[in-house]
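Colleague: Have a look; sequence and predicted model below, questions after that.
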Amino acid sequence: MYRKLEIILKSDEYLEDLRFELDHSNPNYLTVLQKRIKDMEKSDHGIVVAGETSAGKTTLINKLLNRRLFKGRNLETTSTIIKLRNSERIKIITESDAGKIEEKDFTDKCDLASKDGVKVLRDFLKDMTDMTASQRSAQIRNVDISLPIPFLQGNTILVDTPGIGGSGEVTQKLLDYLPNAVSFIFVINVGSAGGMQNDRLPEILRSITLLQLDDEMPCFDSQDVMFVTNKWDTIESNAEGSDENSSDEDDVTKTWKTLKANIKKHWPSVKEENIYRLSLKDIDKRNIYSAEYDKFLTALKSNAKKSENSRVLQHLRFLKDLLTNISKGLSARLELRQMSERDQHHLEEAHNKKIKTITDECVQIKDTLRKKTQKAIEDTAEACYDYMLTPAGKDKVLNPPGHKPIMKIDWQPNVFTEKVQERVKMYVSEYLQTKDVLQKFRKIKDETASFYQKKSSDLSKMETGWTGCTEDKTSKTPTLSKEDSELSTASFVGIVLATSPLWIPLLATGVGLTIAASPIIFPVVKFLGRDKRKEKLIDEEYRRCLLSIKGLICKELETNQGSVINKFVDRVTDDLILGRIQSLQKMIHQLSKSRSEIISNVDTLSYLAKNIKSIEGSATELLDFVAQEVKATETGMH
């Protein structure tokens, strides 16, 4: 369908003025079509496996492959992106950072049913992917491995990534791959619960959100992300060695509840059933972990099928949107025969006035919403600072529930300053996650979405005045979600974020306080009694933290909520509404300028409209079918 449409748009019959209009509603439409065709042809949309170093990613990959293809270590080892795809033949293709591609076929060289055969492949991959074993691996951009992996059907692949928490360069490779991801599996080591999920998850979620607003990740659904919490055997072992009066089950249960709460906090759209509790090294035994792994594997297979359908679904939505915009120009020209010059002139005058009004409203709302965002940021920082200044606020910050009162901590000056900063960070992070704070940004987001809906409706009524087209009540195009019915412009995939419960969770480590210990207070406090020294040191350090707290909160909010909301506002006003207005303006101008020529060219226009209608019918039929497939897959998962 893409190729058929491309031929029509490049043909001599598709007039220059039609191209001119379409380029405003769908900028660079031929280039975009080429990208979409390439996207359909390439099989590089993966379910990404990510996790902190030593979390158990390698073990999980080996389990999924039913063979020990990769050797895991406690150190950061994987230095490149590893793509795994289903194939009858066994091949490895490597691509270097310089773009050099090498391919090696192992089909006749190793029998994967034997240990020796697997070892041949493992030894070769070690040189390509393990930076502790080979300097060469650091120069490899990605390794593409083809072998029999039955649960990966169609064009879905499994992607192993460098460990999170390692070097910045390695982490960047994961972020660079994000546009190709259709889903994630995050592997978390419960023995080091503070690592990845506390800072990296929000960073990744923010990157995904911004990419979605730029239409770079149209097939990604954050609700499908799966979390494998691993190494529960270490928690149970620690519980067994603890105080005999404590309950092992209570210790494990408490850790499980805390971990789930942390994951939900930092990835708000996660479904609880997508959080799994495993000990990957023990799943070969018939125990609770093997049963949980079976559940995870079933969900993964469903996700793999769903991700492939989702890709097609997003392509069809884009195609339908493009076809709708093409049809508008053709329908308006065909309808011109039924409209007198006088009626055309009156409609043109009326619509030009409305267009000016909407254009002015876009400029005004953009400025208003940006100011509201900045004010929400500043008010939040001021309110947090004001409360922290009060005695009650100071007590709450320094003595949070579940932590030893700060005055009862053993006397060590350096530790005390660290504890004060740590508790200030903790409080600020929790404050920025409160409902009142989040609601400020939700209101701005909702106001933006509401503005889009109203202006989009206004523009649709104006377009109908020229095209004579009304909504087809008998259309078989399925209504898949609330977002699709309210915000029908499929090209604006990012706007579905308007219904998400939260834009971006702030870093759990809180604002980036890096306050050096004062060189002045130590000579003073050494002449005081122990408690007085503690009190003096706590007060001085707390006061020092407060000096920069407002600025640091503002910076944190501007980086997260601010940047995302401003991009959202720009997307609505500049790209969607104004782009659509410009296309409508050009169409109205061309209809007036070339009325006689257009009417005389009705046969060519009818021919084009018929071909476009044919593609639209095929797209609608296929969209309906794929939507049913997606629905069936989701029902099966539940």
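Modeller: Received it, and whenever you're ready, just let me know what you need. Numbering: from 1, shown residues only.
Colleague: can you give me the strands in the protein?
Modeller: Remark: strands assigned in the chain by DSSP state E are 45-51, 81-86, 91-96, 101-105, 140-147, 156-160, 181-189, 226-230, 275-277.
Colleague: Which one of those strands lies nearest to residue 423?
Modeller: strand 181-189 (24.7 Å; CB to CB). For the C-beta atoms, the positions are set from N, CA and C on the backbone; glycine is no exception.
Colleague: residues making contact with that closest one?
Modeller: Identification of contacts with strand 181-189 by CB atoms under 8 Å, 6 or more residues apart in numbering yields 45-52, 54-57, 60, 156, 159, 195-197, 201, 208, 217, 219-221, 224-231, 259, 263, 300, 303, 307, 310-311.
Colleague: what about the spatially most central residue of the chain, distance to residue 343?
Modeller: Taking CA atoms, centre = their mean, the centroid of the chain lies closest to residue 208, which sits 2.8 Å from it. For residue 208, the distance to residue 343 equals 49 Å [CB to CB, to the nearest Å].
Colleague: How about residue 624?
Modeller: 37 Å.
Colleague: Okay, domains of the chain per the record?
Modeller: Domains of the chain are assigned by automatic domain parsing as 43-282, 339-599.
Colleague: looking at those, which is buried most?
Modeller: domain 43-282 (a mean of 18; mean count of other CB atoms under 10 Å).
Colleague: Tell me where the stretch 201-350 of the chain is predicted with low confidence.
Modeller: Low-confidence segments of the stretch 201-350 of the chain, defined by pLDDT under 70, span residues 201-202, 215, 218-219, 236-249, 308.
Colleague: if you set the cut-off to 90 instead, what comes out?
Modeller: For the stretch 201-350 of the chain, the stretches with pLDDT under 90 are 201-225, 230-271, 279-291, 298-318, 321.
Colleague: how about the helices in it?
Modeller: All helices of the stretch 201-350 of the chain, identified by DSSP state H, counting those that start in this stretch, fall at 232-240, 248-266, 288-335, 341-389.
Colleague: Make TSV out of those and add distance to residue 107.
Modeller: Below are those laid out as TSV (distance: least, CB to CB, whole Å):
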stretch	distance to residue 107
helix 232-240	38
helix 248-266	41
helix 288-335	24
helix 341-389	57
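Colleague: follow-up on the earlier one: lowest average confidence across the strands of the chain, which one?
Modeller: Among these, strand 45-51 has the lowest mean pLDDT, at a mean of 82.
Colleague: So which bits of stretch 24-37 are buried?
Modeller: For stretch 24-37, the neighbour count (16 or more other CB atoms under 10 Å) marks 24, 25, 26, 29, 33, 36 as buried.
Colleague: no no, stretch 622-636
Modeller: Buried residues in stretch 622-636, counted by 16+ other CB under 10 Å: 622, 623, 626, 627, 629, 630, 633.
Colleague: ok, now stretch 599-614?
Modeller: By neighbour count on 16+ other CB under 10 Å, the buried set for stretch 599-614 is 605, 608, 609, 611, 612.
Colleague: so who does the second one touch?
Modeller: For residue 608, the contacting residues are 8, 13, 14, 330, taking CB under 8 Å, 6+ apart as the criterion.
Colleague: and the gap between the closest residue to residue 161 other than its chain neighbours and residue 2?
Modeller: With CB to CB, 6 or more residues apart in numbering as the criterion, residue 161 has its nearest non-adjacent residue at 4.6 Å, and that residue is residue 174. For residue 174, the distance to residue 2 (CB to CB) stands at 30 Å.
Colleague: swap in residue 388?
Modeller: Residue 388 is 57 Å from residue 2, by CB to CB.
Colleague: Pull the number of nearby residues for residue 38.
Modeller: Using other CB atoms under 10 Å, residue 38 has 10 other residues around it.
Colleague: That one and residue 85, how far apart?
Modeller: 17 Å.
Colleague: same thing with residue 581?
Modeller: Distance of residue 581 to residue 85, computed by CB to CB: 44 Å.
Colleague: now swap in residue 256 and tell me
Modeller: Distance of residue 256 to residue 85, given as CB to CB: 34 Å.
Colleague: ok, now residue 403?
Modeller: Relative to residue 85, residue 403 is positioned 48 Å away (CB to CB).
Colleague: same check, this time on residue 595
Modeller: Distance of residue 595 to residue 85, computed by CB to CB: 56 Å.
Colleague: Likewise for residue 159?
Modeller: Residue 159 sits 10 Å away from residue 85, going by CB to CB.
Colleague: How about residue 23?
Modeller: As judged by CB to CB, residue 23 and residue 85 stand 37 Å apart.
Colleague: Residue 33 too?
Modeller: Taking CB to CB as the measure, residue 33 falls 26 Å from residue 85.
Colleague: can you give me the helices in the stretch 501-638 of the chain?
Modeller: 521-525, 530-557, 563-570, 578-593, 595-600, 602-637.
Colleague: Mean pLDDT and distance to residue 178 added to the ones you listed, as a markdown table?
Modeller: Listed next are these as a markdown table, based on pLDDT from 0 to 100; distance: least, CB to CB, whole Å:
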| stretch | mean pLDDT | distance to residue 178 |
| --- | --- | --- |
| helix 521-525 | 43 | 46 |
| helix 530-557 | 87 | 22 |
| helix 563-570 | 88 | 15 |
| helix 578-593 | 93 | 26 |
| helix 595-600 | 93 | 46 |
| helix 602-637 | 86 | 23 |
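Colleague: Nearest to residue 143, out of those?
Modeller: Nearest to residue 143 among the helices of the stretch 501-638 of the chain is helix 602-637; the distance by CB to CB comes to 29.8 Å.
Colleague: tilt between the closest one and helix 288-335?
Modeller: Counting by axes from the mean of the first three to the mean of the last three CA atoms, to 10 degrees, helix 602-637 lies at 160 degrees to helix 288-335.
Colleague: can you give me the helices in the stretch 1-150 of the chain?
Modeller: Here the stretch 1-150 of the chain has its helices, by DSSP H, counting those that start in this stretch, at 2-10, 16-25, 29-41, 57-65, 115-129.
Colleague: Which residues does the third one contact?
Modeller: Right, the one you point to is helix 29-41. 2-3, 5-6, 9-10, 22-23, 26, 315, 318-319, 322.
Colleague: Could you dump those into JSON lines and include distance to residue 434?
Modeller: Formatted as JSON lines, these follow (distance: CB to CB, whole Å):
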{"residue": "2", "distance to residue 434": "47"}
{"residue": "3", "distance to residue 434": "52"}
{"residue": "5", "distance to residue 434": "49"}
{"residue": "6", "distance to residue 434": "51"}
{"residue": "9", "distance to residue 434": "51"}
{"residue": "10", "distance to residue 434": "55"}
{"residue": "22", "distance to residue 434": "47"}
{"residue": "23", "distance to residue 434": "46"}
{"residue": "26", "distance to residue 434": "42"}
{"residue": "315", "distance to residue 434": "40"}
{"residue": "318", "distance to residue 434": "38"}
{"residue": "319", "distance to residue 434": "43"}
{"residue": "322", "distance to residue 434": "43"}
